[in-house]
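> Below are the sequence and a predicted model for it; my questions follow.
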Amino acid sequence: MSKPDTATWIEKDRKQLHPVYHPKSHANPLVIERGEGVWLYTTDGQKILDGMAGLWNVNAGYGREELAQAAFDQMKRMAFTSNFSGMTNLPSITLADKLAGFAYPGLNTTFFTSGGSEANDSAFKTARYYWKRKGKPGKYKVIARKGSYHGVTLSATFATGLEKYQTMFGPAVDGFVHIPAPNLYRYEGDLKPGESVGLAAARALKEVIQREGKDAIAAFIAEPVMGVGGVIVPPPDYFPHVREICDENEILFIADEVITGFGRTGEWFALKHWNVKPDILSFAKAITSGYAQLGGIQISDEIRETMESATETETYMHGFTYSGHAMACAVGLKNIELMEKENFPARARELGARLQEGLKTLLEFPFVGEVRGIGLVCGVEIVSNKDAKTADPATAMKIFKAAQVRGLRSRPLGNVLAFSPPLSINEDEIDEIVKRLGAAMDGVV
Ligand SMILES: Cc1ncc(COP(=O)(O)O)c(C=O)c1O
């Protein structure tokens, strides 16, 4: 029997509602049939270099047999069993043990979810739980940053600092307050003469704590490097000050490392660049390189100890059917083994430097305002006027489409084109990203 053609697939595709759905954006999707390494193959014969590693997550690249084998072996043995009270399973035990202290010292306890939004929701609930147990139930608010992305559960939606994700879903969940992020290219907060952007953005945190009252605030959440908000790399003086301010005010620091975790930025976890440690860490995506749905939070020993002494009525009434999913955890374990063997953080550092260097040659185009990044995550900011830094999302979209025609997939984030390729990428493929993007830009000048 012959396979349906692409038009038939697209017609059938209308039966599903896609994430971030508008009928226009799904009118003519690429229909992907298979992937190998950094390459995707469509049903109509296109070969596309996936410059985004799926959604910042397929770090090991496509078609890894080791990961398929790990899933197969575990599924045959036992795909799933409940991890609720009174039961546990071997892959989740082994993975939690592997993760103990892996990201940051003192974060030795893991709670598993199926993805990043659930992880952040769990982080917020855990922060509230912690303060209630500490006898401070008034501490419930969460401070987040403008431009941040934390996911799409109802609470993650309103922790997110991008209004377009909220417009159709209000009224807002109570308790999320936003401050400016330390964006070096276009800082939107108040900058005193002689003050660095890092210090000004940290001062914004101090001021919001004064305004809201430290007794009302449970936690501060930040992506160490903002992804969806346009790949914003913070200046080095920002996070050390943020950590100090959180400590001074008894506020938990939640690091959302859903994109930055597991090597992407050139360290296993990104706050290490600035020698800072969170109280709660959210992770997802690259823990399995996208081969299975897995995320989670890690909590500090102090939070763990506070939970240990709970009374019966204070039980942590939180958990998902798939918390500690056996197959997903087995894939996560195999993926970490593979990432260690192939030294992904070092690859991200070395190949990331090559990618940034290559992308910077594109600064000669009149509409490339900035190229920035850290490790293998980069943003190319498209502007209509370099001096005024006028954001130009329409040209960014044109370049995105022109690049796709030339077999390169990036991600348009407003006026920023993001690149976050598999960490398994090689030098030639990095050069290919730059070449194809340059050709796309030539096409729209
Ligand atoms: C920083 C960050 N946090 C949370 C999420 C949400 O993760 P998920 O889509 O797995 O729920 C994402 C997804 O892109 C993200 O980039």
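Structure received.
> what sits against the closest residue to the ligand within the stretch 201-350 of the chain?
Nearest residue of the stretch 201-350 of the chain to the ligand (C-beta to the nearest ligand atom) works out as Val258 at 3.5 Å. No exception for glycine: its C-beta is placed from N, CA and C like everyone else's. When contacts are counted by C-beta atoms under 8 Å, 6 or more residues apart in numbering, Val258 touches 116, 119-120, 151, 223, 282-285, 295.
> Return only those of those residues found close to the ligand.
Filtering those for proximity to the ligand (criterion: C-beta under 6 Å from any ligand atom) leaves 116, 120, 151, 223, 284, 295.
> what's the fourth one in contact with, if anything?
Shown here is Glu223, whose contacts under the criterion C-beta under 8 Å, 6+ apart are 148-150, 229, 255-260.
> what about stretch 18-33 and the ligand, touching?
No: for stretch 18-33 and the ligand, the contact criterion (C-beta under 6 Å from any ligand atom) is not met; the two come no nearer than 8.0 Å.
> what about the residue in the chain positioned nearest to the ligand, neighbour count?
Taking C-beta to the nearest ligand atom, the ligand has its nearest neighbour within the chain at Gly116, 2.3 Å off. Taking other C-beta atoms under 10 Å as the neighbour definition, Gly116 ends up with a count of 27.
> now, which of the ones next to the ligand among the contacts of Val258 sits nearest Phe80?
Gly295 (16.3 Å; C-beta to C-beta).
> Tell me the bridge partners for the closest one.
Bridge pairing for Gly295 (DSSP bridges) gives the partners Thr113.
> What is the neighbour count of it?
Taking other C-beta under 10 Å as the criterion, the count of residues near Gly295 is 29.
> same thing with the one 10 residues further on?
Here the neighbour count serves as a burial measure; for Glu305 (other C-beta under 10 Å) it reads 10.
> measure it to Tyr130 for me?
Applying C-beta to C-beta, to the nearest Å, the value for Glu305 to Tyr130 is 10 Å.
> Give the buried subset of the contacts of Glu223 as a PyMOL selection command.
To isolate the buried members of the contacts of Glu223 in PyMOL, using 16 or more other C-beta atoms under 10 Å:
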select buried, resi 148+149+150+229+255+256+257+258+259+260
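> List the neighbouring strands of the longest strand along the chain plus their orientation.
With DSSP state E applied, the strand covering the greatest number of residues in the chain is identified as strand 377-385. Based on DSSP bridges, the pairing partners of strand 377-385 within the sheet are strand 368-374 (antiparallel), strand 390-391 (antiparallel), strand 416-419 (antiparallel).
> Select, out of those strands, the one closest to Ser25.
Ranking the strands paired with strand 377-385 by distance to Ser25, with C-beta to C-beta as the measure, places strand 416-419 first at 16.5 Å.
> what packs against the helix or strand that that closest one is followed by?
Per DSSP states H and E, strand 416-419 leads on to helix 427-444 as the next helix or strand towards the C-terminus. With contacts defined as 3 or more C-beta pairs under 8 Å, 6 or more residues apart in numbering; DSSP states H and E, the secondary structure elements packing on helix 427-444 are strand 47-50, helix 344-360, helix 393-405, strand 408-409.
> In TSV: these, plus mean pLDDT, distance to the ligand and mean neighbour count.
Rendered in TSV, the data for these read as follows (pLDDT from 0 to 100; distance: least, C-beta to the nearest ligand atom, whole Å; neighbours: other C-beta atoms under 10 Å):
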stretch	mean pLDDT	distance to the ligand	mean neighbour count
strand 47-50	98	16	19
helix 344-360	98	17	20
helix 393-405	98	18	18
strand 408-409	98	16	22
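> sorry, back to before: quick one, which of the strands paired with strand 377-385 is packed in tightest?
strand 416-419 (a mean of 26; mean count of other C-beta atoms under 10 Å).
> send the alpha carbons of that strand over as PDB?
Extracted C-alpha coordinates of strand 416-419, given in PDB (Å, rounded to 0.1, in the frame of the first residue of the first chain):
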ATOM      1  CA  VAL A 416      15.400  37.300  17.500                       C
ATOM      2  CA  LEU A 417      16.400  34.200  15.600                       C
ATOM      3  CA  ALA A 418      17.400  31.500  18.000                       C
ATOM      4  CA  PHE A 419      19.900  28.700  17.400                       C
END
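> does that strand come close to the ligand?
No: using C-beta under 6 Å from any ligand atom, strand 416-419 stays clear of the ligand, coming no nearer than 10.6 Å.
> outside of that strand, which residues touch it?
Contact partners of strand 416-419, identified using C-beta under 8 Å, 6+ apart, comprise 51-52, 227, 230-231, 355, 359, 373, 376-382, 396, 399-400, 403, 410-412, 433, 437.
> what's near enough to touch the residue most central in space within the chain?
The centroid of the chain falls nearest to Ile259 when counting by C-alpha atoms, centre = their mean (2.5 Å). When contacts are counted by C-beta under 8 Å, 6+ apart, Ile259 is found next to 56, 223, 225, 227, 285, 377, 420.
> residue ranges with poor pLDDT in the chain?
Residues of the chain meeting the criterion pLDDT under 70: 1.
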